[in-house]
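Peer 1: Predicted model, plus sequence, below.
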Amino acid sequence: MARILAERLDIDFPLYHVGARSLKKRLLAGAGMRLRTDETNRVVVAALRDLSFRIDGGERVALIGPNGAGKTTLLRTLAGLYTPVQGRLVVEGEIGSLIDPSAGIDPNSTGRENIRLRCLLRGINESAARDMTEEIGAFSGLGQFLDVPIRAYSAGMAVRLSFAIATMIAPQIPLMDEWLSAGDAEFQLRVQERLLRLVTGADILVIATHNLEIARAWCTRAIRLEGGRIVADGPAEAVVAAAEAAAIA
């Protein structure tokens, strides 16, 4: 059974080229708690601070909060892209990251070559890889552009291919961000159908979103972040309603 356990996670991002003592003082004085100096005297952004939570199999969790709250940073941490400077993170289950549409895509290779490379990395045999390439090509609707280098794609074409590749195999734990809303109306219909299968088939879902209706419709639980800290964690309807009330107040 999949699960995610976080215990007092801290994520820091160092600010390089901030060496002058007077500049450090001005930055730290005006930044509140999110800028500090670490043990090596570097100025760092406290991107996430003291996060503790547990997500068990069957849960659908929305990460909500304003821009800069730490939602995408937390997704990237769960995906293993960022390493906590303190605390403990345990992830049991296969992660499927739908965070960055360009992640793992080689712009100098064709769409077809990118699909085959992803299949190879996942240990998919040659016959299955051929079938999967055809299925992804049909889903993305790229036609002849499947044999054109990615660097020649429009932004929408690249997103369509990236989504098709990222969702070609349903993971136990899909991690999603809001770039999935890209694409034209016809493609969005196919996206919604595939996402529904992905969400209902997953052991755990974690999605970062500003769209509170998505949080209500898809999720059983919501974690609200502000300033890199958890300020609310509970049933999706209750946490979303409180966030809406806070925005109006």
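Peer 2: Noted; the coordinates are in hand. As the structure is a computational prediction, the values presented were derived from the model and not from experiment. Numbering: from 1, shown residues only.

Peer 1: all contacts plus neighbour counts: C-alpha atoms, from now on.
Peer 2: Will do.

Peer 1: Please name every helix or strand in contact with whichever strand or helix holds A247.
Peer 2: The secondary structure element spanning A247 is helix 236-248 (assigned by DSSP states H and E). Helix 236-248 is packed against helix 212-218, strand 221-226, with contacts defined by 3 or more Cα pairs under 8 Å, 6 or more residues apart in numbering; DSSP states H and E.

Peer 1: which one of those has the lowest average pLDDT?
Peer 2: Ranked on mean pLDDT, the bottom entry among the helices and strands packed on helix 236-248 is helix 212-218, at a mean of 90.

Peer 1: quick one: the nearest residue to D147 once chain neighbours are set aside and G58, what's the gap?
Peer 2: Taking Cα to Cα, 6 or more residues apart in numbering as the measure, D147 lies nearest to T110, with 5.2 Å between them; neighbours along the chain are not counted. Distance of T110 to G58, given as Cα to Cα, to the nearest Å: 37 Å.

Peer 1: Among these two, which residue is more densely surrounded?
Peer 2: For T110 and G58, the more surrounded residue by other Cα atoms under 10 Å is T110, and the numbers stand at 20 against 16.

Peer 1: Show the subsequent helix or strand relative to the lengthiest strand in the chain.
Peer 2: Among the elements of the chain assigned as strand by DSSP state E, the one spanning the most residues is strand 43-56. Per DSSP H and E, strand 43-56 leads on to strand 60-64 as the next helix or strand towards the C-terminus.

Peer 1: Look up phi and psi at the closest residue to Q86 other than its chain neighbours.
Peer 2: If the residues on either side of it in the chain are set aside, Q86 comes closest to D10, at 5.1 Å by Cα to Cα, 6+ apart. Reported as degrees, to the nearest 10, the phi and psi values for D10 are phi -120, psi 130.

Peer 1: returning to that earlier point: elements contacting the longest strand of the chain?
Peer 2: Packing contacts for strand 43-56, counted by 3+ Cα pairs under 8 Å, 6+ apart, involve strand 3-14, strand 35-37, helix 71-78, strand 229-235.

Peer 1: Just the C-alphas of it, formatted as CSV.
Peer 2: What follows is the C-alpha trace of strand 43-56 in CSV, where atoms were taken according to Å, rounded to 0.1, in the frame of the first residue of the first chain:
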residue,chain,number,x,y,z
VAL,A,43,21.5,33.8,2.9
VAL,A,44,18.9,31.2,2.1
VAL,A,45,15.1,31.3,1.4
ALA,A,46,13.2,29.1,3.8
ALA,A,47,11.0,27.6,1.1
LEU,A,48,9.3,25.0,3.3
ARG,A,49,9.5,25.0,7.1
ASP,A,50,8.6,22.4,9.7
LEU,A,51,6.1,20.4,7.5
SER,A,52,4.7,17.2,9.1
PHE,A,53,1.9,15.1,7.6
ARG,A,54,1.0,11.6,6.6
ILE,A,55,-0.9,10.6,3.4
ASP,A,56,-2.2,7.0,3.3
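
Peer 1: between that strand and strand 3-14, how many degrees?
Peer 2: Orientation check (axes from the mean of the first three to the mean of the last three Cα atoms, to 10 degrees): strand 43-56 against strand 3-14 gives 170 degrees.
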